[in-house]
Every structure is written in C-alpha cells, then in structure tokens.
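Trainee: Structure of the sequence below:
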Amino acid sequence: MTFEWAVSILITAAALLYIFHLPARLYLGQEKTRASYLRERKDAVYENLRDLNFEYKAGKVPDADYQSLKSSLEDEAASLLAEIAQLESAPADSKNSR
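Mentor: Sure, this is the predicted structure:
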C-alpha cells in the first residue's frame, strides 16, 4: 500500500511541477505601442465594416441598423486614423524643432 502512495505522490508532484513551473526565460511577445494598438484596432474596424456591408447586401441587416452601425464604425475609423496620423507626425515635428 505504501508503494502505491509513493507512486501517486510522485506522479502528482510531477504533474504539478509540469503545470505550474515557469521556464527561466519567458517570451512575452513584442512590446505594444500606442501606434501598433491603433493600427490593430483600425484593421478590426475595417474588417467589421466589410462584414457589415456583406451582411447588409445578404439581407441580414435592416437598412436603419446598417446606416447607424456604418456611421459609428466610420466615425471610429476616422478618429483612429486621425490619432495614428498625429502620432506619426509627432516625432517628425519634434525632429524639425531641434
């Protein structure tokens, strides 16, 4: 009976070590900048606009809903593009002012 207990404790310890052990080096991916986040968000908004247009043409979205959703997505895309342009022009402005 003690042999079974020892084996089960050893297997449990090995499983817990395998599950919860963190390697010495973790790869966390690229560091996110505000500009990269905005570009990802812009791509998502454009994809949502394409999907909305497709569903409208397929007859799945009523005209009133389509117009309001399209307007809100276009407004969001415009604000994202303006902020991206502002971020991209900020380093150029600071270089020119020196």
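
Trainee: Scan the chain for its longest helix.
Mentor: In terms of residue count, the longest helix belonging to the chain (DSSP state H) is helix 63-96.

Trainee: Can you tell me which residue sits nearest the middle of this protein?
Mentor: For the chain, residue 40 is the residue whose C-alpha lies nearest the centre (C-alpha atoms, centre = their mean; 6.7 Å).

Trainee: Does that one lie in a helix or a strand, and which?
Mentor: Using DSSP states H and E, residue 40 falls within helix 34-57.

Trainee: ok, the residue nearest to the centre of the chain - contacts?
Mentor: Residue 40 makes contact with no residue under the criterion C-beta atoms under 8 Å, 6 or more residues apart in numbering. Just so you know, the C-beta spots here come from the backbone N, C-alpha and C atoms, and that holds for glycine as well.

Trainee: quick one: pLDDT of it?
Mentor: With respect to pLDDT, residue 40 scores 96.

Trainee: From residue 6, how far off is it?
Mentor: To residue 6, residue 40 is 52 Å away according to C-beta to C-beta, to the nearest Å.

Trainee: In terms of helix, strand or coil, where does residue 60 fall?
Mentor: coil (DSSP: H, G, I helix; E, B strand; the rest coil).

Trainee: Give the residue spans of this structure that score low on pLDDT.
Mentor: Counting by pLDDT under 70, the low-confidence segments of the chain come to 91-98.

Trainee: Skip the chain neighbours and tell me the closest residue to residue 52.
Mentor: Leaving aside its sequence neighbours, residue 52 sits nearest to residue 69 (C-beta to C-beta, 6 or more residues apart in numbering; 5.6 Å).

Trainee: about what we covered before: for the residue nearest to the centre of the chain, give its distance to residue 55.
Mentor: 23 Å.

Trainee: Next: residue 83.
Mentor: Distance, residue 83 to residue 55, by C-beta to C-beta: 28 Å.
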